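Visitor: here is a sequence with its predicted model. Questions after.
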Amino acid sequence: MVYIEERIYVPNNKKIKKEILKENHNSADMGHPEQHRMLELIKKTYWWPGLKEDVKKYIQRCFKCQQNKVQHQRKTGELHPLEIPKGPWQEISINIIEPLPKLNGMDAIVVIVDRFTKMIRLKAMTMNISSEGIAKIYRDKIWKLHRVPRKIP
């Protein structure tokens, strides 16, 4: 056996490394320690190049650890869906899809959707359009057909 700083040097043998990892993680008296604790347990007795990375990968592959993993994220808030409009073209949504490949000088699309009927109107445009330009598109292409909406959420 080769010792490095009073620890057993483990040769580059996947079977031996896996057995050491398994014994220090899955045994009944260990109780699936987390990454930092398992690394400290193994480092008391063994050492090999890449030990820390091997411990990390072993724990990431452990089904029980992933199943019982503590979530550190905040709980998401409740969803509050928008009210359903009373009739067609009373509420609309406007989106711009960009950038697109240029075709006839146009490289974006404005998408106007009626929230009641889900009917859409599309208009090709350039990416450098202003909000005034979008208002003109609405006035010229939508308003004359469907009137002014009550709400644009």
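Guide: That came through fine.

Visitor: what is the burial count for the closest residue in space to residue 47 that isn't next to it in sequence?
Guide: Spatially, and ignoring its direct neighbours in sequence, residue 47 is nearest to residue 7 (4.4 Å; CB to CB, 6 or more residues apart in numbering). Every residue, glycine included, has its C-beta placed from N, CA and C. Using other CB atoms under 10 Å, the number of residues around residue 7 comes to 16.

Visitor: distance of residue 146 relative to residue 124?
Guide: 20 Å (CB to CB, to the nearest Å).

Visitor: ok, residue 107 next?
Guide: Using CB to CB, we find residue 107 at a distance of 9 Å from residue 124.

Visitor: what of residue 64?
Guide: Separation of residue 64 from residue 124 (CB to CB): 54 Å.

Visitor: Three-state assignment for the most centrally placed residue in the chain, please.
Guide: The residue lying closest to the centre of the chain (CA atoms, centre = their mean) is residue 73, at 13.0 Å. The three-state label given to residue 73 by DSSP: H, G, I helix; E, B strand; the rest coil is coil.

Visitor: just the strands from this protein, written as ranges.
Guide: 3-4, 7-9, 46-47, 92-97, 108-114, 120-125 (DSSP state E).

Visitor: please tell me how far the first one is from the chain's geometric centre.
Guide: A distance of 44 Å separates the centroid of the chain from that of strand 3-4, by CA atoms, centre = their mean, to the nearest Å.

Visitor: could you do the fourth one as well?
Guide: Taking CA atoms, centre = their mean, the mean C-alpha location of strand 92-97 is offset from the chain mean by 23 Å.

Visitor: check the third one too.
Guide: Distance of strand 46-47 from its chain centroid, counting by CA atoms, centre = their mean, is 37 Å.

Visitor: elements contacting that strand?
Guide: strand 7-9 (3 or more CB pairs under 8 Å, 6 or more residues apart in numbering; DSSP states H and E).

Visitor: quick one: contacts of the strand it packs on?
Guide: For strand 7-9, the external contacting residues (CB atoms under 8 Å, 6 or more residues apart in numbering) are 1-3, 43-48.

Visitor: which neighbours does the helix or strand of the chain with the lowest mean pLDDT have in its sheet, and in what orientation?
Guide: The least trusted helix or strand in the chain, going by mean pLDDT, DSSP states H and E, turns out to be strand 3-4, with a mean of 79. The strands that strand 3-4 pairs with in its sheet are strand 7-9 (antiparallel) (by DSSP bridges).
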